[in-house]
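>>> Mind folding the following:
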Amino acid sequence: MKLGIIGLPNVGKSTLFNAITKAGAEAANYPFCTIEPNVGVVTVPDPRIRRLHEIYNSKRTIYTTIEFCDIAGLVKGASQGEGLGNKFLGHIRDVAAIVHVVRCFEDENIVHVSGKIDPLADIETINTELILADIEVLEKRIGKVAKVARNDKEAARELAILEKVNAFLAEGKSARAMTDLDEEEAGFVEGLNLLSYKPIIYVANVSEDDAADAESNGYVQKVKEFAASEGAQAVTICAEIEQEISELDDDEKADYLQELGIEESGLDKLVKASYRLLNLISFLTAGEDECRAWTITEGTKAPQAAGKIHTDFERGFIRAETIGYDTFIDQCGGSMTRAKELGLLRSEGKEYVVKDGDIITFLFNV
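Down below sits the predicted model:
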């Protein structure tokens, strides 16, 4: 899973990237500090894996990961090549989802590229550039398809969808906000790889003073309302605090967040929002050799989940022995022997849909 962090210059996106990845990307107070995208791979925090490691005393403990890409700051006119526009737009095409950092704090020492703090205007600036880039792609495609649509029913159907999306974008609205696409249309539009159709998380970056009570920040409220209008995710983060806690160990981090009145770190918020946005869940495998989390799409059946581990597991799938993590801990005391005695370890076949937190042992034969 690769997420692209974007935003106008000086909104705190590189500071946030540094904090959550500890990758050391430069974060300076001037536009276009980030030119080539910095990439960092982040371990997804999962206390379930830590607990399983303690139970099994496993030799290896492997968490799932997310790849964050810090993409250059964008300015108005990027779709026409302004600033680093072409590079910016090209890098966005490569990510599964967008993390759009929006400045929701006042600080006279940090310049704003527009000269004032207005998160909705900032969002509109970037979304407009993505929409304009998409319109250019669609119009080229429409020109080609229109030539054959008169004598080709499939091309005519494609043309109708292209024109429908193009008309929506012409209203200044992102393709992701379209709610009247049927399943076939949605599948086709997804295949176009439009920038404004990519799933997005809006990150309201607040000051340290507002971090504990961010909901009272008027800027944050506006960002969340806008995200809801698009069916997008929105989280509130203080990049400054994230930078501070990135240097602490887990215990110190928890104490510091508690002291500040913050329930969870920005990374935890981003991970949860990312999983919700992309319909992802994790199943678990556990034993003395290894405890591990595996990320799959919600709705995945057991054989395909097995294939995530190895193609032989899917090809020779027999059954899956599984128990939910909470059941394993709360009712079985972390003992698989006890789970069998209580009849809580289930045997599931090819049609079983894997659930988040399932601890699974796959049986196969090739």
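
>>> If I look at the nearest residue to Thr43 once chain neighbours are set aside, what pLDDT would I see?
Nearest non-adjacent residue to Thr43, counting by C-beta to C-beta, 6 or more residues apart in numbering: Tyr63, 4.6 Å away. Bear in mind the C-beta positions are built from the backbone N, C-alpha and C, glycine included. In this prediction, Tyr63 carries a pLDDT score of 89.

>>> Please apply the same query to Leu159.
For Leu159, the predicted pLDDT is 94.

>>> which residues does it contact?
Counting by C-beta atoms under 8 Å, 6 or more residues apart in numbering, Leu159 touches 142, 145-146, 149.

>>> helix/strand/coil for it?
Following DSSP: H, G, I helix; E, B strand; the rest coil, Leu159 is assigned to helix.

>>> Repeat that for Thr236.
Strictly by three-state DSSP, Thr236 counts as strand.

>>> doesn't Ser207 make contact with it?
No: counting by C-beta atoms under 8 Å, Thr236 sits too far from Ser207 to count as a contact (11.2 Å).

>>> quick one, which of these two is more surrounded?
Ranked by neighbour count (other C-beta atoms under 10 Å), Thr236 and Ser207 place Thr236 first, with 22 against 16.

>>> Just grab the bridge partners of the more buried one for me.
Beta-bridge pairing of Thr236 under DSSP bridges involves Ala204.

>>> looking at this, Phe226 is in a helix?
Yes: according to three-state DSSP, Phe226 belongs to a helix.

>>> count of residues packed around it?
By other C-beta under 10 Å, neighbour count at Phe226 equals 18.

>>> give the contact list for it.
120, 123, 202.

>>> do you know how far it is from Arg346?
44 Å (C-beta to C-beta, to the nearest Å).

>>> now do Leu248
40 Å.

>>> Show me which of these two is the more surrounded one.
Arg346 (16 against 13).

>>> where's the residue nearest to the more buried one when sequence neighbours are not counted, which helix or strand?
Distances taken as C-beta to C-beta, 6+ apart put Thr322 closest to Arg346, at 5.5 Å, once the chain neighbours are dropped. Using DSSP states H and E, Thr322 sits in strand 317-324.

>>> neighbouring contacts of the following helix or strand past that strand?
Beyond strand 317-324 in the direction of the C-terminus, DSSP H and E gives the next helix or strand as helix 325-330. Residues from elsewhere that reach helix 325-330 (C-beta under 8 Å, 6+ apart): 48, 51, 284, 334, 336, 339, 344, 357-359.

>>> Just the buried residues of helix 325-330, please?
Buried residues in helix 325-330, counting neighbours by 16 or more other C-beta atoms under 10 Å, are found at 325, 327-329.

>>> any chance of those residues in a markdown table, plus pLDDT and distance to Thr179?
Formatted as a markdown table, the buried residues of helix 325-330 follow (pLDDT from 0 to 100; distance: C-beta to C-beta, whole Å):
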| residue | pLDDT | distance to Thr179 |
| --- | --- | --- |
| Tyr325 | 97 | 35 |
| Thr327 | 97 | 38 |
| Phe328 | 97 | 40 |
| Ile329 | 97 | 40 |
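
>>> Format the residues you listed as a markdown table; extra columns: distance to Ile318.
Converted to a markdown table, the buried residues of helix 325-330 look like this (distance: C-beta to C-beta, whole Å):
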| residue | distance to Ile318 |
| --- | --- |
| Tyr325 | 23 |
| Thr327 | 23 |
| Phe328 | 22 |
| Ile329 | 27 |
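
>>> ok, those vs Asp268, which is closest?
Tyr325 (17.6 Å; C-beta to C-beta).

>>> Give me the nearest residue to the closest one, chain neighbours excluded.
Ranked by C-beta to C-beta, 6+ apart and with sequence neighbours excluded, the top spatial neighbour of Tyr325 is Gly357, at 3.9 Å.
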